[in-house]
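Trainee: got a structure for you, letters missing:
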C-alpha cells in the first residue's frame with residue numbers, strides 16, 4: 001500500500017500550478033489583445049508568432065522529459081527543476097508585457113525572442129512539475145485526488161491573474177489628466193475635454209462602471225459605433241474632445257484615462273513575484289516516492305521506441321492537443337469579446353472570476369465523477385457538454401448578459417475536467433509502460449502534456465489571428481471593430497464547439513478503462529512490494 005498524501009502536501013503541489021497559471025493564463029487571456037491593442041502588432045503576425053513559437057517549442061518538451069528521466073539528485077528527479085526555474089519564469093513573463101520603443105519589425109522580433117524564451121523556460125518548469133505528480137504516489141486513485149488539488153490550484157492562479165489584472169492595470173496605469181465636462185442641450189449628453197502633461201502611447205479612456213457611450217466629438221474623427229471606452233495616443237498639451245451619452249449626470253470620477261503600456265507592465269511585474277514565491281513553496285512542501293527500478297539503465301533509444309508504441313500516450317497526445325486548442329481559443333478571445341462586442345471590458349474581470357470559480361468546482365467534481373463513470377467516459381461526456389453548451393453563445397447579443405454568464409459558467413465547469421483528467425491519465429500511461437515493458441520514463445511520458453499545451457495553444461492563437469484578420473479586425477483602429485464582431489462571436493461559440501466534439505470522438509480510441517487500470521495498479525503494487533522486501 002502507498003502512503004496517503006497529506007492535505008498539506010497536496011496544497012503545496014497545487015501552489016505550483018497556481019504559479020504556472022499566473023503565467024499561462026495571463027499569457028493565454030491577455031497577451032493577444034496586449035500585442036494587438038497596446039503593443040501595436042497586427043493579428044496575423046500575432047497568430048503566426050504563437051503558432052511558430054509553440055511548434056518550435058514542442059521539440060523542447062520531449063527533450064525536457066528525457067533530461068528529467070536521466071537527472072537525479074538528493075532532492076529527487078523532478079522537484080529541483082521547479083525551484084531552479086521559478087525566478088527565470090517570473091522574469092521572462094515580465095519581459096513579455098514590456099513595451100520597448102521599437103519599429104514595427106523591431107516589435108515583432110522582440111515578441112518572437114521573448115515569447116520563445118517564455119515557452120522554453122515554461123517547459124523546463126512545467127514538464128518536471130507535471131511528472132512530479134506521478135512520483136509522489138503510485139496509487140492511481142490517489143492521483144485523481146492530487147490531480148483535483150492541482151487543478152484547483154491552477155484555476156485559483158488563473159482567477160488571481162484574470163480577476164485582478166484589469167483592475168491592476170487601472171491602478172498602475174492611471175493617468176491624472178485635466179478633465180472638463182460640459183452638458184449639451186440634449187438630455188443625457190456631455191462634452192468631455194481631456195488634456196495631459198505628458199505623452200501617453202496606447203491610452204484608453206473608460207467609463208468606470210461601463211454604463212454609457214463615448215464617441216469622438218468632432219465629425220471628421222467620428223467612429224461608426226459608440227462604446228464605453230476608446231483607445232488612442234495622447235500628445236502632451238493637446239485637447240482631446242469626446243461626446244459621452246447615456247448618462248443623466250457625469251462627474252470626473254466617472255471617467256478614467258489609462259496608460260495601458262505602463263499599467264500592463266507594472267501589473268505583470270507584481271504578479272510575477274507571487275509566481276516565484278509559490279514555486280518555491282511547491283519545492284519545499286512535496287516529496288518523491290516512486291522511483292524506477294534500480295537495475296533500469298538509462299536508454300533513450302529504447303524509451304523513445306516504447307513511447308511511440310504506447311497507445312494510451314499517443315491517444316492522450318492527440319486529446320491534449322485538441323482540448324488545448326479548444327481552451328486557448330476560448331481564453332484568448334474573452335477580453336476581445338467583452339471589450340469590442342459587449343463594450344464592457346471591465347466586466348470581463350467579473351466574468352473571468354466566475355469562470356475560475358466554475359473551474360475550481362469542475363476540478364473538484366472530477367474526482368467523484370471520475371470514480372463513478374471512469375476517467376475515459378467522463379472525459380467524453382465533459383467534452384461534448386462543454387462544446388455544445390458553449391456554442392449557444394452564438395445566439396446571445398450584447399444585452400443578454402445573464403445568458404452569457406450562465407452559458408459560460410456551465411461550459412467551464414465541464415471544460416475544467418479536461419486538464420484534471422488529462423494529467424492523471426498521463427500518470428496511467430506511465431504505469432502502463434512500466435507494466436508492459438518493465439521500464440518507466442515518467443518525464444518523457446509527461447512531456448506530452450507540455451507539448452500538447454504549447455502546440456495546442458499555438459494552433460488556437462493562430463486560429464484567433466486568422467479569423468480576426470479575415471473579418472478585418474485592427475485593435476488600434478476603432479473603425480474596424482463593427483465589421484469584425486461576427487468573427488469575434490464565432491470564436492466564442494461554434495468554432496471551439498466543433499473542436500470539442502472532435503476531441504470526444506478521438507477519446508473513444510483510448511484503451512485504458514477502469515477495469516484495465518485496476519489490473520495494472522494491482523500488478524505494479526505487488527511487484528514494487530516484492531522488490532522492496
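Mentor: Arrived safely. On a predicted model such as this, the values are computed, not experimentally measured, just so you know.
Trainee: Chain neighbours aside, what residue packs nearest to residue 314?
Mentor: residue 308 (7.2 Å; Cβ to Cβ, 6 or more residues apart in numbering). Where C-beta positions appear, they are placed from N, C-alpha and C, glycine not excepted.
Trainee: Give me the neighbour count for residue 17.
Mentor: 29 (other Cβ atoms under 10 Å).
Trainee: what sits against it?
Mentor: 129, 150-151, 153-154, 157 (Cβ atoms under 8 Å, 6 or more residues apart in numbering).
Trainee: mind listing the strands in the stretch 51-200 of the chain by residue range?
Mentor: 174-175, 178-183, 189-195, 200-207 (DSSP state E, counting those that start in this stretch).
Trainee: Redo the ones you listed as TSV? Include distance to residue 247 and mean pLDDT.
Mentor: As requested, the strands of the stretch 51-200 of the chain are exported to TSV (distance: least, Cβ to Cβ, whole Å; pLDDT from 0 to 100):
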stretch	distance to residue 247	mean pLDDT
strand 174-175	21	89
strand 178-183	10	90
strand 189-195	7	91
strand 200-207	8	84
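Trainee: Deepest in the core, which of these is it.
Mentor: The highest mean neighbour count among the strands of the stretch 51-200 of the chain, using mean count of other Cβ atoms under 10 Å, belongs to strand 200-207: a mean of 22.
Trainee: Moving C-terminal from that one, which element do we reach first?
Mentor: Per DSSP states H and E, the first helix or strand lying C-terminal to strand 200-207 is strand 213-216.
Trainee: So which elements touch whichever helix or strand comes after that next one?
Mentor: The helix or strand immediately downstream of strand 213-216 is strand 229-234, counting by DSSP H and E. Here strand 229-234 touches strand 200-207, strand 213-216, strand 240-245, going by 3 or more Cβ pairs under 8 Å, 6 or more residues apart in numbering; DSSP states H and E.
Trainee: quick one: the second one to chain centroid distance?
Mentor: Its chain's C-alpha centre and that of strand 213-216 lie 32 Å apart, by Cα atoms, centre = their mean, to the nearest Å.
Trainee: on contacts alone, who are the packing partners of that strand?
Mentor: For strand 213-216, the packing partners by 3+ Cβ pairs under 8 Å, 6+ apart are strand 200-207, strand 229-234, strand 240-245.
Trainee: what angle separates the second one from strand 189-195?
Mentor: Between the axis of strand 229-234 and that of strand 189-195 there is an angle of 30 degrees, by axes from the mean of the first three to the mean of the last three Cα atoms, to 10 degrees.
Trainee: Can you point out the buried residues in the helix or strand of the chain with the lowest mean pLDDT?
Mentor: None of the helices or strands of the chain scores lower by mean pLDDT, DSSP states H and E than helix 300-308, at a mean of 76. Residues of helix 300-308 classed as buried: 303, 306-307 (neighbour count, 16 or more other Cβ atoms under 10 Å).
Trainee: so what are the domain limits for the protein?
Mentor: 7-172+261-528, 174-260 (automatic domain parsing).
Trainee: Which of those has the highest mean neighbour count?
Mentor: domain 7-172+261-528 (a mean of 21).
Trainee: Ends of it, what's the gap?
Mentor: The straight-line separation of the ends of domain 7-172+261-528 (Cα to Cα, to the nearest Å) is 25 Å.
Trainee: Check stretch 133-147 too.
Mentor: Taking Cα to Cα as the criterion, the two ends of stretch 133-147 lie 8 Å apart.
Trainee: need the helices and strands packed on strand 213-216 in CSV with distance to residue 190, can you?
Mentor: Shown next, in CSV, are these (distance: least, Cβ to Cβ, whole Å):
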stretch, distance to residue 190
strand 200-207, 11
strand 229-234, 15
strand 240-245, 5
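Trainee: Contacts only, for the nearest residue to residue 117 once chain neighbours are set aside.
Mentor: Of all residues not flanking residue 117 in the chain, residue 92 sits nearest, at 5.2 Å (Cβ to Cβ, 6+ apart). By Cβ under 8 Å, 6+ apart, the contact set of residue 92 is 114, 117-118, 121.
Trainee: redo that, cut-off 6 Å
Mentor: 117-118, 121 (Cβ atoms under 6 Å, 6 or more residues apart in numbering).
Trainee: Take the contacts of residue 17 and lay them out in a markdown table including pLDDT and distance to residue 32.
Mentor: Putting the contacts of residue 17 into a markdown table (pLDDT from 0 to 100; distance: Cβ to Cβ, whole Å) gives the following:
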| residue | pLDDT | distance to residue 32 |
| --- | --- | --- |
| 129 | 92 | 25 |
| 150 | 86 | 26 |
| 151 | 79 | 24 |
| 153 | 89 | 25 |
| 154 | 85 | 20 |
| 157 | 91 | 19 |
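Trainee: about what we covered before: lowest mean pLDDT across the domains of the chain, which one is that?
Mentor: In terms of average pLDDT, domain 174-260 trails the rest of these, at a mean of 81.
Trainee: Run the chain-centre distance for it.
Mentor: With Cα atoms, centre = their mean, you get 32 Å for domain 174-260.
Trainee: same deal with stretch 316-332?
Mentor: The answer for stretch 316-332 is 10 Å, by Cα atoms, centre = their mean.
Trainee: what does stretch 42-52 give?
Mentor: Averaging C-alpha positions (Cα atoms, centre = their mean) puts stretch 42-52 17 Å from its chain's average.
Trainee: picking up where we left off before, please tell me how far the residue nearest to residue 314 sits from residue 445.
Mentor: 12 Å (Cβ to Cβ, to the nearest Å).
Trainee: What of residue 349?
Mentor: Counting by Cβ to Cβ - residue 349 and residue 445 are separated by 37 Å.
Trainee: For residue 45, pull up the helix or strand it's in.
Mentor: With DSSP H and E as the criterion, residue 45 is inside helix 43-70.
Trainee: between that helix and helix 300-308, how big is the angle?
Mentor: 120 degrees.
Trainee: how close does residue 92 get to residue 502?
Mentor: Distance from residue 92 to residue 502, by Cβ to Cβ: 33 Å.
Trainee: now residue 188
Mentor: Distance from residue 188 to residue 502, counting by Cβ to Cβ: 49 Å.
Trainee: So residue 332 lies in a strand, does it not?
Mentor: No: if the criterion is DSSP: H, G, I helix; E, B strand; the rest coil, then residue 332 is helix and not within a strand.
Trainee: Surely it touches residue 462?
Mentor: No: using Cβ atoms under 6 Å, residue 332 makes no contact with residue 462, being 10.4 Å away.
Trainee: which non-adjacent residue is nearest residue 155?
Mentor: Leaving aside its sequence neighbours, residue 155 sits nearest to residue 359 (Cβ to Cβ, 6+ apart; 3.6 Å).
Trainee: Residue 233 now?
Mentor: Nearest to residue 233 is residue 201, by Cβ to Cβ, 6+ apart, at 5.5 Å.
Trainee: for residue 177, same thing?
Mentor: Closest residue to residue 177 apart from its sequence neighbours, by Cβ to Cβ, 6+ apart: residue 196 at 4.4 Å.
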